[in-house]
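1. here you go, sequence then predicted model.
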Amino acid sequence: MIAWRNTPARWGLVARFLHWTVAAFVLGQFVTGWLAETTADRDAGFGLIRIHFQTGMTLLGLVALRVLWRLSTQPPAPAPAPAPEATSMAAAAVHSMLYALLLVLPISGYLIWAHMDAEMDVLGLVEIPRLLRPDPEDERLRAAAWYVHYAAGWALSGLTLLHIAAGAWHGIRRDGIVSRMM
């Protein structure tokens, strides 16, 4: 029987689906963001950055759902072989920073996109509300949002690699942590 909710032994289907879907979207965001910034073709770059915006807004919704789901359900019980306190605290800090960055990035991206006065839809299906209309002559908000977005993107890249490395370490140790999310 499929456990939709978390059990004492593992994360439920909803938590696992949201985790891996967010992971796939983050990978897509890295690729489209990188390609949009490095392409020499301005039209292709704008098309990629439009996809990046639409995916980012979808990712914001998925992260919001993930946070709400996480707050409404009990996590699995601690692993059978508990980690040292410092390791557990580091893991909690990395997870918290991942969540924070997964919120900061789409919000800063939204501010950049709003400054561009571009269409605010996602695949023509959902219109994202335009909460502000920055003065196109005043670049301060856009520039600040871009620097935050850029730095947060690199921070998310580093923390994601750390998260993957920790998962690989747990997989090598076969301590049951990875199998709880598979």
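-> Received it, and whenever you're ready, just let me know what you need.
2. what comes up buried for stretch 66-75?
-> By neighbour count on 16 or more other Cβ atoms under 10 Å, the buried set for stretch 66-75 is Arg66, Trp69, Arg70. Bear in mind the C-beta positions are built from the backbone N, C-alpha and C, glycine included.
3. ok, so of those, who is nearest Ala90?
-> Distance to Ala90 across those (Cβ to Cβ) is lowest for Arg70, with 19.0 Å.
4. which other helices and strands does the host helix or strand of His95 contact?
-> In this assignment (DSSP states H and E), His95 forms part of helix 85-116. Where contact means 3 or more Cβ pairs under 8 Å, 6 or more residues apart in numbering; DSSP states H and E, helix 85-116 is packed against helix 13-38, helix 42-72, helix 140-173.
5. least confident pick among the buried residues of stretch 66-75?
-> Across the set of the buried residues of stretch 66-75, Arg70 stands lowest in pLDDT, at 92.
6. how near is that residue to Asp121?
-> Arg70 is 29 Å from Asp121, where distance means Cβ to Cβ, to the nearest Å.
7. same check on Val31?
-> Going from Val31 to Asp121 by Cβ to Cβ gives 21 Å.
8. buried ones in the helix holding His95?
-> For helix 85-116, the buried set under the neighbour-count rule, 16+ other Cβ under 10 Å, comprises 91, 97-98, 101-106, 108-115.
9. again with stretch 112-131
-> For stretch 112-131, burial by neighbour count (16+ other Cβ under 10 Å) applies to Ile112, Trp113, Ala114, His115, Met120, Val122, Ile128.
10. pLDDT score assigned to the third one?
-> Yep, that's Ala114 we're talking about. Looking at Ala114, its pLDDT is 90.
11. correct me, but it touches Pro136?
-> No: counting by Cβ atoms under 8 Å, Ala114 sits too far from Pro136 to count as a contact (10.6 Å).
12. help me confirm that Ala15 comes into contact with Gln74.
-> No: contact criterion Cβ under 8 Å: Ala15 and Gln74 do not qualify, at 10.7 Å.
13. residues shared between the contacts of the two?
-> Here Ala15 and Gln74 have Asn6 as joint contacts, going by Cβ atoms under 8 Å, 6 or more residues apart in numbering.
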